[in-house]
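**Q** Model the structure of this input:
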Amino acid sequence: MPQEHNFAQFSFGTQVRKSPFSDAALRWGAKGFSVYNHMYIPRDFGDPVQNFWNLVNEAILCDVSVERQVEIKGPDAAKFTQFLSCRDLSKCEVGQCKYVLLTDQDGGIINDPILLKLADDHFWLSIADSDVLLWARGLAVNSGMDVEISEPDVSPLQLQGPKSREVIRAAFGDAPTELKYYRFMEFDWDGVPLIISRTGWSSELGYEIFLRDGSAGDRLWEHLMTVGTPLGLKPGHTSSIRRIEAGMLSYHADMNLANNPFEMGMDRLVDLDIDADFVSKAALTKITAGGVSQKFVGLVIEGDPFVGPNDFFWPITKDGVKVGTVTSAIYSPRLEKNIALALVGIDHTALNTALEVDKLSETRACTVVPIPFYDPKKSIASGS
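**A** This next block holds a predicted model:
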C-alpha cells in the first residue's frame, strides 16, 4: 500500500502538514501522531518507558520537524532579534546557539526557542509550539528596521542519547563529534545541506540535524538508521519522562502568555541592564520591582505509579484551599517516584513544604523538592 494511504489513518486533512520524515517514521514503527506548530509529530513508538530507557542507555532518532525555524535576515537582523528577546545577545558568536525567551509587551512568554546565529545578519529561532513567525512579522512592520522574516525549508531531527556521538561519527565523520555544547556547524552531506548542532530536548548527550532540503528527508532518515542500528540506535519520540526529570519546560503545558520569566525561575534569561531595547523591557522592569505571586517548583507525589502523563492541570491544595496547579506529571522508572512540575503560590514554595494534589478527585500527598530531579548540573548533556 502506498505510504500516503497508510498515513491517512492519522490525517486531519491538508491543514496539518506532514514532515519530510513522516513516512519514514511510520515505516519504522510510529503508532501515533499529535499536532504541534500546525504539523504532525510522532508521539508513539510503543512503550514510552522503553523509549525512555532507549534514550538514556543507547540512542534514539526523533522527527522534530515541528521545531520550525523563524529566519531573520538583513542589515538590522541582530538589532531586531535582540528586540524580540529579553536575553542579552550581544556576545553571541556565529556558530553559537543560545536558549532564549521571547516576551511580549506585558512580559508574558511567547516562546522559548533555541537561537542559532548563522552570520552577523542571519539568525534562526528554533521554536516551540506558538506562532512566532506571525509575531515577528507583525513587530517588523512598524519597527523601522531592515529585516526579512520567513520560514525556511528547514526540518530538524534529534539524535539523542549516550551513543549519539558514535552514530553521528558513523553518519558524517569526525567533524561533528568535535562540536562543543550549544555550538553548530554547516555540513554538506553528498550535496544535501545540513546544520548539525550539539543541542536537543532531552538533557542527554545529543545532536540536532537540521535538513535544509525537505526532498531528502526520507534518504537522511534511512541513512541515520542504517549506520546507527548496529550501534544501538532506535526510532523514538521526545520523552516526557526524561524532560520532566530534567525540569525542562514545555510551552502550553508549563507556561504560556500568562506567565513571566521570573515566576518560571528563568531570571538568568532576562538582562534588564543592557543598552539595547527589547519589547518587554519596561514590563519586566515593573515586575521585578513588584515581585511575583507564584513560583515554578518540583513535586514528589505519593501513591501508586502514574500511568502516563497528566491530561489535566491538577489543583494543588493546602488545608483545603487551592494554592497552585500541577502542570506536568509522570512516573519516573529510574527514580521510582511520581514527579511533577507545578506553579505554586509564593507562600508555599519552600523546599519540603507538604501539600496535596487533587488528581481527578483522588487526593494525594506531595512535597516540594528541587528541580531538576536528576542530574541537576546538566553534566550529561554538556559533558565532552
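
**Q** now the helices: where do they sit in the stretch 51-200 of the chain?
**A** Listed in chain order, the helices found in the stretch 51-200 of the chain under DSSP state H, counting those that start in this stretch are 77-84, 132-141, 164-172.

**Q** Now do the longest one against helix 77-84, angle only.
**A** This points to helix 132-141. If you take axes from the mean of the first three to the mean of the last three Cα atoms, to 10 degrees, helix 132-141 sits at 110 degrees to helix 77-84.

**Q** and helix 132-141, what does it pack onto?
**A** Using 3 or more Cβ pairs under 8 Å, 6 or more residues apart in numbering; DSSP states H and E as the contact criterion, the secondary-structure elements in contact with helix 132-141 are strand 69-73, helix 77-84, strand 109-111, strand 148-150. Glycine gets a C-beta too; all of them are placed from N, C-alpha and C.

**Q** then the longest one to CSV, C-alphas only?
**A** Taking C-alpha atoms only, helix 77-84 is exported to CSV below (Å, rounded to 0.1, in the frame of the first residue of the first chain):
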residue,chain,number,x,y,z
ALA,A,77,18.8,41.3,11.9
ALA,A,78,20.9,41.4,15.1
LYS,A,79,19.1,44.5,16.4
PHE,A,80,15.7,43.0,15.6
THR,A,81,16.5,39.6,17.1
GLN,A,82,17.5,41.4,20.3
PHE,A,83,14.3,43.4,20.2
LEU,A,84,12.4,40.1,20.3
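
**Q** closest to A216 out of the helices and strands packed on helix 132-141?
**A** Shortest separation from A216 across the helices and strands packed on helix 132-141 is recorded for strand 69-73, at 16.5 Å, computed as Cβ to Cβ.

**Q** I'd like to check the angle between the closest one and helix 77-84, please.
**A** 130 degrees.

**Q** Parallel or antiparallel, which strands does strand 69-73 pair with?
**A** Applying DSSP bridges to the sheet, strand 69-73 is found paired with strand 122-126 (antiparallel), strand 148-150 (antiparallel).

**Q** most tightly surrounded among those?
**A** For the strands paired with strand 69-73, the stretch with the most neighbours on average is strand 122-126, a mean of 22; neighbours defined as mean count of other Cβ atoms under 10 Å.

**Q** Quick one: the helices and strands packed on helix 132-141 as a markdown table, columns for distance to K98 and mean pLDDT too.
**A** Below are those laid out as a markdown table (distance: least, Cβ to Cβ, whole Å; pLDDT from 0 to 100):
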| stretch | distance to K98 | mean pLDDT |
| --- | --- | --- |
| strand 69-73 | 14 | 98 |
| helix 77-84 | 10 | 98 |
| strand 109-111 | 14 | 98 |
| strand 148-150 | 19 | 98 |
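
**Q** out of those, which comes closest to G265?
**A** strand 109-111 (12.1 Å).

**Q** re earlier: what would the helices and strands packed on helix 132-141 look like in CSV with distance to P20?
**A** As requested, the helices and strands packed on helix 132-141 are exported to CSV (distance: least, Cβ to Cβ, whole Å):
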stretch, distance to P20
strand 69-73, 14
helix 77-84, 26
strand 109-111, 23
strand 148-150, 18
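
**Q** coming back round to it: what's the closest of the strands paired with strand 69-73 to L355?
**A** If you check each of the strands paired with strand 69-73 against L355 by Cβ to Cβ, strand 122-126 wins as the nearest, at 35.5 Å.
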